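Chemist: Let me see the structure of the following:
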Amino acid sequence: MRLMHSWLTLTMIGALLWPVASQAADPIVGTSKFATNCSGCHSVASTAKVDRGRNSPTMIRNAINNVGSMSGLSFLSATDLEDIAAYLGNAPSSLSFAQTTVGQTSTSQTVTVRASRIAALTSLAATVSGDFSRSGGTCGTTLSASGSCTITVVFSPTAAGSRTGSLSITHSGLTTAVPIALSGTGAAAPEPTISLNASSLAFGSQTVNTTSSAKTLTVSNTGNAALNFSAITLGGSAAADYAATGGCAV
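Modeler: A predicted model of the protein is given here:
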């Protein structure tokens with residue numbers, strides 16, 4: 001019994017020490033954490049000190065541990081530091097695209113990735129979800145210390161209405177991906193609409209082999225795109241008894 005109890009105790013301790021997956025390194029959350037805890041002494045603008053922390057929570061923790069004026073920030077968790085480092089190293093933290101017609105592609109927008117001034121980034125990669133796609137940029141798989149590169153994204157809505165997605169950036173500087181929120185609105189594609197001023201034309205009685213007076217049917221396009229006729233034909237069992245003329249051309 002004693003041996004079994006010891007084994008159970010060790011198993012429980014091991015479970016408690018097992019690492020727990022953390023949330024994504026959120027630059028939007030990092031914006032507010034930086035404003036609350038760091039903006040009294042630093043701005044996001046490039047300086048020798050701020051540039052150390054871009055995409056590098058390790059450098060921020062080292063500063064907290066070794067710089068007396070920063071010791072009061074020791075309460076910040078590993079997740080807090082990941083968020084702040086993501087905010088400093090990836091800008092902007094979200095992209096909002098102008099309304100774009102379904103089936104069309106928007107102009108591109110750019111996210112800039114920056115490395116700490118004393119640590120290079122490796123294994124750099126970016127994936128895009130939703131009605132959005134990566135269209136270019138200068139980012140490869142590595143980024144030198146103090147370096148910066150760009151990722152360009154475009155919006156191609158597949159349906160009308162609000163559309164959302166994410167640009168996910170991963171690299172060696174952070175333990176979790178950086179999600180850049182993407183949003184845009186799809187507009188329905190323009191379409192023509194045929195409108196007629198009557199649903200039927202009544203000619204009344206007419207002597208065989210004589211021609212009646214003409215009756216007019218007005219065709220209008222009330223849509224928001226050009227209307228192109230593919231054909232204008234007469235149908236029915238007595239189609240040969242009628243003839244169509246007028247200004248409607250194919």
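Chemist: isn't residue 27 right next to residue 87, touching?
Modeler: Yes: using C-beta atoms under 8 Å, residue 27 makes contact with residue 87 at a distance of 4.3 Å. Yep, even glycine has a C-beta here, placed from its N, CA and C like the rest.
Chemist: For those two, list the residues in contact with both.
Modeler: When contacts are counted by C-beta atoms under 8 Å, 6 or more residues apart in numbering, residue 27 and residue 87 have residue 93 as shared neighbours.
Chemist: So for stretch 99-113, what gets flagged as buried?
Modeler: Buried residues in stretch 99-113, counted by 16 or more other C-beta atoms under 10 Å: 100, 102, 106, 108, 109, 111, 113.
Chemist: Which residue is the nearest non-sequential neighbour of the spatially most central residue of the chain?
Modeler: Note on the chain: the residue nearest the mean C-alpha position is residue 182, at 2.7 Å, using C-alpha atoms, centre = their mean. Nearest residue to residue 182, sequence neighbours excluded (C-beta to C-beta, 6 or more residues apart in numbering): residue 165, at 4.3 Å.
Chemist: Mind listing residues that contact the helix or strand the one you found falls within?
Modeler: For residue 165, the element it lies in under DSSP states H and E is strand 161-170. Defining contact as C-beta under 8 Å, 6+ apart, one finds that strand 161-170 is touched by 90, 95, 111, 113, 123-132, 134, 151, 153, 155, 157, 177-186.
Chemist: Heading C-terminal from that strand, find the next helix or strand.
Modeler: According to DSSP H and E, the helix or strand after strand 161-170 is strand 178-187.
Chemist: contacting residues around residue 130?
Modeler: 163, 164, 165, 166, 182.
Chemist: could you list every residue that touches the last one?
Modeler: Listed by C-beta under 8 Å, 6+ apart, the contact set of residue 182 reads 94-95, 97, 128-130, 132, 153, 155, 164-167.
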